[in-house]
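Visitor: sequence and predicted model, in that order:
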Number of protein chains: 2
Amino acid sequence: MNINDIAKQTGEWLKDEGPNADIVISSRVRIARNVKDYPFYHWAGKKEKAEVFSIVKEAINTSKYMKNSMFIKITDLDEVDRLFLVERHLMSREHAVTDEAKALAVDDREIISIMVNEEDHIRAHAIQSGFNLVDTWRIVDTLDDELSTKIEYWYSERWGYLTACPTNIGTGVRGSVLMHLPALVITNQIARVLQAITKLGIAARGLYGEGSEASGNFFQISNQVTLGRSEEDIIDNIEKLINQVIRRERSAREYLLTNNKASISDRIWRAYGTLKSARIITSDETIRLLSLIRLGVDIGIITDINRKTLNELFIFTQPAHLQKIEGKKLSSTDRDMKRADLIREKLKVA
Amino acid sequence: MNINDIAKQTGEWLKDEGPNADIVISSRVRIARNVKDYPFYHWAGKKEKAEVFSIVKEAINTSKYMKNSMFIKITDLDEVDRLFLVERHLMSREHAVTDEAKALAVDDREIISIMVNEEDHIRAHAIQSGFNLVDTWRIVDTLDDELSTKIEYWYSERWGYLTACPTNIGTGVRGSVLMHLPALVITNQIARVLQAITKLGIAARGLYGEGSEASGNFFQISNQVTLGRSEEDIIDNIEKLINQVIRRERSAREYLLTNNKASISDRIWRAYGTLKSARIITSDETIRLLSLIRLGVDIGIITDINRKTLNELFIFTQPAHLQKIEGKKLSSTDRDMKRADLIREKLKVA
């Protein structure tokens, strides 16, 4: 498999399957691990980074999960490809910085991605469609077992797994979900809800992780604490909190349907009309409109489109995705026109 | 014919026929006349107003033009009907004030309307689709001849026809056209163009005459001076100036198509998408969107709708028209919903 194969497929996590897939787009679990006797990436020299690279690469090669995977050096990717992988949630923005020692491994279904020599030597993620953290954790856990037969990790009896950043010490586990919370935003409850969960050790971020803003009512919600608890406890804790957020979003949707049906229908239909008609559209506006249309599908106002198509539009209309589809670098203006064309094509309007 | 028959038809002036009908929606000519030996309306007593009413009514009854006309007292109309006739451009807002002596006569094709006891005893209008001031003047002139066989007008050898307001003294003739000038607005030339013609004794007003604002790029343009020239001269002068405005608008449209096609197409298609999708829409927004769509039809960007349908939407979506169609008084919120429904029905979208 190579990066162009990925550009042609939708990715497991966008399939709109699994529990509560209307509100939770995807569930992700990641672990942070480091190879024993080597300094953390930011302290390591060129030779040490290269050795870590080889050790991790070999371990990945023997994993059953990663049999048909892509293993690629970041320096072998051009700017568009690197941004493409970030948009696809397969690697972090930080990992896109070119360095000989950095690599990315992705399995053929885009369930597992492993960043080599990111902040930690190994950042392994599993992602699933819908609200499925326990299953997702099991995948990462099994992968972790596989890798650990080949690699000895930095580990302390007292602290657990040692990581470059103290916030990841202990289990190194972060569970996160990508949630769509339009009704909580529209009814002005979102700040209160996010504040409440933040106090319980949960962080809410925008679409592309730390430092990014929430656009189109999409939020990344994840645990902050990785220390002093078992992996299962961490996953269980975030599951419970997310379940509460899901319930809140559902009741906000019911409230809108009961008390504001006319005005919310109007907003949703206008968004749909604009998306079907625009000839020039930014990626930001696209996400905002898709968010409203998605809400429309969820609450039964729009019936002639499904969430899978919306998920596809959501991912394929992003800047690097558009450029991958066109097979060339495009100016921002050209992208805004190609994006509008692609959307009308997918929505089968003239 | 009665007012409900009018509500069911479109009106001659909205037929989208005649020269330059893409830019000039309609041409109107009106004369102001007063019955000799009676004080002007605002100075007349109840008895005098009633006598004027009878004299004018009788004269209208004998006109060939007005054979199948509606003749209605303003006091016999409810609030919605009065507003309906104003929206239909059949009478002025001022004439909608209830007074026993006020009446309106309209012929069955809505070409001629005569206000009895408006500011002047007689305000007779003819209206035609497209840019057709000379023909329209001929209709009014003939009607004037007919009426003057039955009524002796206030007339002075020195001043011409005497009118309540000095600005109408002389011929009492005002020619006006309803123009659609979106390209001049979009290219920021409109202020300069209107300023130039204003200096030449031409006034530009909004959709509903004096004091009303231009909405959706529609402008009423008419002569100010009625004195010291023949009727033919007045009509000829305004014809020439309007022709210049038409040329300016045409070249602004060409400019947009040559230099801004992508962005103007985007604006036009978005307007169309919104109009086809909205579930709640004000009359103001409707006119703004219709204006852009009309431009789209004119410059060949939109091809699946014709201007006649747009003209119909333009008139039937107005508040009193909506209430006539529904057969009852509607709240503003209800109107905004009914308007959206009517539009989608006319545009044949679900």
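Guide: Cool, got the structure.

Visitor: distance check, A:Glu94 against chain B.
Guide: Computed as CB to the nearest CB, to the nearest Å, the A:Glu94 to chain B distance reads 36 Å. Just so you know, the C-beta spots here come from the backbone N, C-alpha and C atoms, and that holds for glycine as well.

Visitor: wait, doesn't that residue sit right on A:Glu118?
Guide: Yes: assessed by CB atoms under 8 Å, A:Glu94 is found in contact with A:Glu118 at 6.5 Å.

Visitor: those two: which is more packed in?
Guide: Higher neighbour count among A:Glu94 and A:Glu118: A:Glu118, with 22 against 14, using other CB atoms under 10 Å in any protein chain shown.

Visitor: ok so the more buried one is a helix residue?
Guide: No: with DSSP: H, G, I helix; E, B strand; the rest coil as the criterion, A:Glu118 is assigned coil and is not in a helix.

Visitor: residue contacts, it?
Guide: A:Tyr41, A:Met91, A:Ser92, A:Glu94, A:His95, A:Lys102 (CB atoms under 8 Å, 6 or more residues apart in numbering or on different chains).

Visitor: longest strand in chain A, by number of residues?
Guide: Scanning chain A for the longest strand, with DSSP state E as the assignment, gives strand A:24-33.

Visitor: tell me the strands beside that one, with direction?
Guide: strand A:122-129 (antiparallel), strand A:173-180 (antiparallel) (DSSP bridges).

Visitor: in CSV: those strands, plus distance to A:Val225 and mean pLDDT.
Guide: Formatted as CSV, the strands paired with strand A:24-33 follow (distance: least, CB to CB, whole Å; pLDDT from 0 to 100):
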stretch, distance to A:Val225, mean pLDDT
strand A:122-129, 18, 96
strand A:173-180, 10, 94
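
Visitor: of all those strands, which one comes closest to A:Leu85?
Guide: Nearest of the strands paired with strand A:24-33 to A:Leu85, taken as CB to CB: strand A:122-129 at 12.2 Å.

Visitor: mind saving the C-alpha coords of that closest one as PDB?
Guide: Output in PDB follows, covering the C-alpha atoms of strand A:122-129 (Å, rounded to 0.1, in the frame of the first residue of the first chain):
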ATOM      1  CA  ILE A 122       6.700   5.400  19.200                       C
ATOM      2  CA  ARG A 123       3.300   7.000  19.100                       C
ATOM      3  CA  ALA A 124       0.800   4.200  18.100                       C
ATOM      4  CA  HIS A 125      -2.900   5.000  17.400                       C
ATOM      5  CA  ALA A 126      -5.900   2.900  16.700                       C
ATOM      6  CA  ILE A 127      -9.000   4.500  15.400                       C
ATOM      7  CA  GLN A 128     -12.600   3.100  14.900                       C
ATOM      8  CA  SER A 129     -15.800   4.600  13.600                       C
END
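
Visitor: and after it, which helix or strand comes next?
Guide: Per DSSP states H and E, the first helix or strand lying C-terminal to strand A:122-129 is helix A:133-148.

Visitor: identify each buried residue in that following helix, please.
Guide: A:Leu133, A:Thr136, A:Trp137, A:Ile139, A:Val140, A:Asp141, A:Leu143, A:Asp144, A:Glu146, A:Leu147 (16 or more other CB atoms under 10 Å in any protein chain shown).

Visitor: which one of the residues you listed is nearest to B:Ile114?
Guide: Looking across the buried residues of helix A:133-148 and measuring by CB to CB, the closest to B:Ile114 is A:Leu133, at 78.1 Å.

Visitor: isn't that closest one right up against A:Ser27?
Guide: Yes: contact criterion CB under 8 Å: A:Leu133 and A:Ser27 qualify, at 4.7 Å.

Visitor: give the helix, strand or coil label for the residue in the stretch 1-150 of chain A that chain B sits nearest to.
Guide: In the stretch 1-150 of chain A, the residue that lies nearest chain B is A:Asp22 (22.2 Å; CB to the nearest CB). Taking three-state DSSP as the rule, one finds A:Asp22 in the coil state.

Visitor: find the residue closest to it in space, skipping its chain neighbours.
Guide: A:Asp298 (4.7 Å; CB to CB, 6 or more residues apart in numbering or on different chains).

Visitor: what of A:Ile242?
Guide: According to CB to CB, 6+ apart, the nearest residue to A:Ile242 is A:Val177 (5.6 Å).

Visitor: ok, that neighbour - contacts?
Guide: Applying CB under 8 Å, 6+ apart, the residues near A:Val177 are A:Val24, A:Ile25, A:Ser26, A:Ser27, A:Arg28, A:Phe131, A:Leu133, A:Gln220, A:Ile221, A:Ser222, A:Ile238, A:Ile242.

Visitor: so for the host helix or strand of the last one, mean pLDDT?
Guide: If you go by DSSP H and E, A:Ile242 is part of helix A:231-259. For helix A:231-259, the mean pLDDT works out to 94.

Visitor: and the next helix or strand past that helix?
Guide: The helix or strand immediately downstream of helix A:231-259 is helix A:261-277, counting by DSSP H and E.

Visitor: can you check the pLDDT for the residue nearest to A:Asp22?
Guide: The model's pLDDT for A:Asp298 equals 96.

Visitor: got the residues of chain A near chain B?
Guide: Contact residues (CB under 8 Å from any CB of the partner chain) of chain A with chain B: A:262-263, A:265-266, A:269-270, A:272-281, A:337, A:340.

Visitor: go again using 10 Å as the cut-off
Guide: Chain A comes close to chain B at residues A:261-281, A:301, A:304, A:333, A:336-337, A:340, A:344, A:349-350, as judged by CB under 10 Å from any CB of the partner chain.

Visitor: got a ChimeraX select line for the buried ones in those residues?
Guide: To isolate the buried subset of the residues of chain A next to chain B in ChimeraX, counting by 16+ other CB under 10 Å, use the following:
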select /A:264,265,266,267,268,269,270,271,272,273,274,275,276,277,278,279,280,281,301,336,337,340,344
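
Visitor: flag the shaky bits of chain A, pLDDT-wise.
Guide: A:207-214, A:349-350 (pLDDT under 70).

Visitor: domain map for chain A?
Guide: A:3-253, A:261-349 (automatic domain parsing).

Visitor: what residues are up against A:Thr226?
Guide: Applying CB atoms under 10 Å, 6 or more residues apart in numbering or on different chains to A:Thr226 gives the contacts A:31-32, A:160-161, A:163, A:165-175, A:234.

Visitor: filter those to the buried ones?
Guide: Buried members of these, counted by 16+ other CB under 10 Å: A:31-32, A:160-161, A:163, A:168-175, A:234.

Visitor: from the residues you listed, which is closest to B:Lys36?
Guide: Nearest to B:Lys36 among these, with distances taken as CB to CB, is A:Gly175, at 94.0 Å.
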